[in-house]
Structures are given as C-alpha cells and as structure tokens.
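J.: next one to model:
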Amino acid sequence: MLVRPIVRWHCLITAAAGISLGSVTLSAQSAGKAKILTPPKPVDTTAAKASAPPAAAAAIRPAMVPQSPVLDSIREVVFHNLLDKDRAGFSTLASAFCLSLSTDDFKKASTSQDRADPTEGMVRRLATPRTPARRASTCTFTPNARGRSVAGRALLYSVGAIDLSAGDRAEAAAGYNYDGYSSAGYTFSVERSDSGWVVKQWRMEWTSKSATP
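T.: This is a model prediction of the structure:
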C-alpha cells in the first residue's frame, strides 16, 4: 500500500527537477547563444575621421626686430622708395601691397618666414591710391601652382637688418617676394639730412624667378 505513493512522489520530484534543470540548461544555452549572435559592435571611427578638420597651415612666425624711432625712420624711407619706384616691377599686376619687417640681411635668397608687421601709423603714411599698402599679416599668400596667372598676386616688401655704425649714414637690407613667382634682395644706402633720412643709392644683391608660374 505504501509503494505507489512513494513512486508517485518520486516521479513528481523527478519531473520537477527535470523542469528546473531544463530551464537552467535552456537559459544557459540562450545566454550563450545571445553572446555569440550579438557580439558588441566595434566603434566606427570612419565618420569621425571623415569629418575631422584638416590640420591648420603653419603660421608665419613673428620676428623679434629691434625697435627705435631712428630705425623706423629708415624703414619708412626704404619702404617709400620700394613702393614709389616700383623696385619689384609688379605694381600694375599686384592685388595687394604687403609690408613686413625682418632681421634678414637679404644678401642671398632665404626661405625664412620670420617677420613682423610695421606700425599701423607707418603703413597709413605709406599707403597711396596707387599702392594701397597694408600689414603683411593681413595678406594671403598661396602656393605657386603650375599654370597660375602671374597677375593678381600679393606683393610682399620687407625691410630687414639695418647697420647704423656709420653715424649719419646707414645701410638697410630689403627685399620683395611676388607671392612665389619672383623675388629679390637689395641693400639701400641712406643718409641723414635736415629733412630726415633719404636714399642715396641702392643695389640688387640677387634676383630669382619661378620657372613654372
């Protein structure tokens, strides 16, 4: 009489255990399949790379040029001679007349881009309707690409090192760069007069012209 109830309870326990074990096994398998079927997606960096801005162009490095009223007086008279006499020969083609100061002696061609702006007052005094001069930092210079027109470029005039060792006489280095197409270096001899500094003579040290405008 006691055998059947024991068997029945054994069956119920076994069935319940089977259900429980089956559920655990099914859950484990489901979890295992979920990990396999839905792996974490790698971070997509394509869009970020595509939208990243290009690296900024290297900026012109500011030069530390000596400052004094005498030096500025010489610089101004040399700039005036460069602009008024059109020493570069591109005044009718240039789109901008840009003025800068440097420490270069302009005895030979140089790739240095260290330069500084003259004072705003000096630029205003030098500007004319024919040559509307402005500071070099406000000008745009572009690469000398093949086939590019000669006209419409920015003309850069720079006054460099000044030698004041001769008292009332001085030598001032200067140069021009017609936006990569043509460039040259000069030495100006100036003298002090009752009316101020004046250019007595000048000589060209070198000149260069691009073969592929």
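
J.: can you pull out the strands in the protein?
T.: Assigned by DSSP state E, the chain shows strands spanning 96-101, 133-135, 154-163, 169-178, 182-193, 196-209.

J.: now render those strands as a markdown table, adding mean neighbour count and distance to Lys85.
T.: The way it works is simple: take the backbone N, C-alpha and C, and place the C-beta from them, glycine included. Shown next, in a markdown table, are the strands of the chain (neighbours: other Cβ atoms under 10 Å; distance: least, Cβ to Cβ, whole Å):
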| stretch | mean neighbour count | distance to Lys85 |
| --- | --- | --- |
| strand 96-101 | 25 | 13 |
| strand 133-135 | 19 | 14 |
| strand 154-163 | 22 | 11 |
| strand 169-178 | 22 | 12 |
| strand 182-193 | 19 | 11 |
| strand 196-209 | 13 | 9 |
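
J.: the ones you listed into JSON lines, with extra columns for mean pLDDT and distance to Lys108?
T.: Conversion of the strands of the chain to JSON lines gives the following (pLDDT from 0 to 100; distance: least, Cβ to Cβ, whole Å):
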{"stretch": "strand 96-101", "mean pLDDT": "97", "distance to Lys108": "18"}
{"stretch": "strand 133-135", "mean pLDDT": "97", "distance to Lys108": "26"}
{"stretch": "strand 154-163", "mean pLDDT": "97", "distance to Lys108": "12"}
{"stretch": "strand 169-178", "mean pLDDT": "97", "distance to Lys108": "10"}
{"stretch": "strand 182-193", "mean pLDDT": "97", "distance to Lys108": "7"}
{"stretch": "strand 196-209", "mean pLDDT": "96", "distance to Lys108": "6"}
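
J.: for stretch 84-99, which positions count as buried?
T.: Across stretch 84-99, burial judged by 16 or more other Cβ atoms under 10 Å covers 86-88, 90-91, 94, 96-99.

J.: domains of the chain?
T.: Using automatic domain parsing, the domain parsing of the chain gives 1-33, 69-209.

J.: what about the longest one, start to end distance?
T.: As for domain 69-209, its first-to-last residue distance stands at 35 Å under the measure Cα to Cα, to the nearest Å.

J.: gap between that domain and the chain center?
T.: Distance of domain 69-209 from the chain centroid (Cα atoms, centre = their mean, to the nearest Å) equals 22 Å.

J.: low-confidence ranges, the chain, go.
T.: In the predicted model, the chain carries pLDDT under 70 at residues 1-61, 212-213.

J.: what ranges does it have for its helices?
T.: For the chain, the helices defined by DSSP state H cover 3-37, 46-51, 69-84, 120-126.

J.: how about the last one: buried residues?
T.: Just to be clear, that refers to helix 120-126. Residues of helix 120-126 classed as buried by neighbour count (16+ other Cβ under 10 Å): 122-123, 126.

J.: burial of Arg115, as a residue count?
T.: 23 (other Cβ atoms under 10 Å).

J.: what bridges to it?
T.: Pro62 (DSSP bridges).
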